[in-house]
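**Q** build me a model from this:
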Amino acid sequence: MQDEQINQNLMPVSGQYIQLPIDVNTTQKNEDVVSRENYGDEFKIHILEQYKLYVEMADRVSSRRVQMASFYTSILSALLALLSITSNKDLFQGPQSFVLLTIAMLGLCLCFVWAANINSYKQLNSLKFKVIHEMETYLPFPCYDREWEILKEDKNRRRYLRLSAVEQYVPFILSVPYSCLLIYSLIRLLNL
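**A** Model prediction:
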């Protein structure tokens with residue numbers, strides 16, 4: 001929080017921070033006017049470049065989010081494949097219930113971590129687009145803001161489900177077989 005207050009009057013431009021003569025206690029509207037007036041002739045060019053970079057960063061976050069989902073899906077599928085190998089009694093000569101319990105707990109933990117990662121990426125994307133919307137106030141056309149307006153105005157559309165809302169169900173759906181496996185392995189251990 002202190003870093004935000006200290007750096008509020010710094011504006012990043014081309015990898016460097018430029019000191020803006022802004023009083024931290026002024027209102028947002030006054031800060032905008034003062035920063036444009038005191039920044040100089042390059043304000044519009046720099047804000048456009050900064051906007052382009054920021055939109056690209058938001059896109060990269062979304063790409064990492066897709067890669068993360070692919071990673072967890074692969075790992076959880078591999079665990080289920082490992083389960084089929086361990087269920088073959090000829091290949092495995094140990095206490096099978098402990099292996100099943102371990103796989104179930106590992107799968108459930110991965111599902112939980114995946115759900116937490118989805119929530120984290122959701123928060124990060126929300127903040128990034130909030131900043132993008134603020135930056136668009138300096139640009140001739142607020143394309144992302146307009147996109148949301150059109151989506152909200154469309155009366156014939158089906159109910160819009162955000163990707164993060166749908167995406168949050170996947171780890172819970174994949175946790176079902178692991179939950180069943182956990183219950184099954186616990187019953188087998190208690191019956192030993």
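
**Q** residues near the nearest residue to residue 136 once chain neighbours are set aside, how many?
**A** Computed as Cβ to Cβ, 6 or more residues apart in numbering, the closest residue to residue 136 that is not its neighbour in sequence is residue 142, at 3.7 Å. No exception for glycine: its C-beta is placed from N, CA and C like everyone else's. By other Cβ atoms under 10 Å, 17 other residues sit near residue 142.

**Q** going along the chain, name the helices of this protein.
**A** Remark: helices assigned in the chain by DSSP state H are 2-6, 28-39, 43-86, 96-136, 143-153, 163-167, 169-190.

**Q** quick check, pLDDT for the residue nearest the centre of the chain.
**A** For the chain, the residue nearest the mean C-alpha position is residue 121 (1.2 Å; Cα atoms, centre = their mean). The model reports residue 121 with a pLDDT of 91.

**Q** and for residue 44?
**A** Reported pLDDT for residue 44: 83.

**Q** check contacts around it.
**A** Residues near residue 44 by Cβ atoms under 8 Å, 6 or more residues apart in numbering: residue 138.

**Q** if we use 10 Å, what do you get?
**A** 36, 138, 139, 140 (Cβ atoms under 10 Å, 6 or more residues apart in numbering).

**Q** least confident of the helices of the chain, on average?
**A** Minimum mean pLDDT among the helices of the chain: helix 2-6, a mean of 38.

**Q** before we move on, the earlier item: is it true that the residue nearest to residue 136 touches residue 133?
**A** Yes. Using Cβ atoms under 10 Å, residue 142 and residue 133 qualify as a contacting pair, with a distance of 7.1 Å.

**Q** what residues do those two have in common as contacts?
**A** Common neighbours of residue 142 and residue 133 (Cβ under 10 Å, 6+ apart) are residue 148.

**Q** excluding chain neighbours, what is closest to residue 36?
**A** Per Cβ to Cβ, 6+ apart, closest to residue 36 is residue 43, 5.5 Å.

**Q** how near is that neighbour to residue 73?
**A** Distance of residue 43 to residue 73, given as Cβ to Cβ, to the nearest Å: 45 Å.

**Q** likewise for residue 184?
**A** The value you get for residue 184 to residue 73, if Cβ to Cβ is used, is 23 Å.

**Q** residue 53 now?
**A** Look at residue 53 and residue 73: by Cβ to Cβ, they are 31 Å apart.

**Q** same question, residue 104
**A** Where residue 73 is concerned, residue 104 sits at a distance of 18 Å (Cβ to Cβ).
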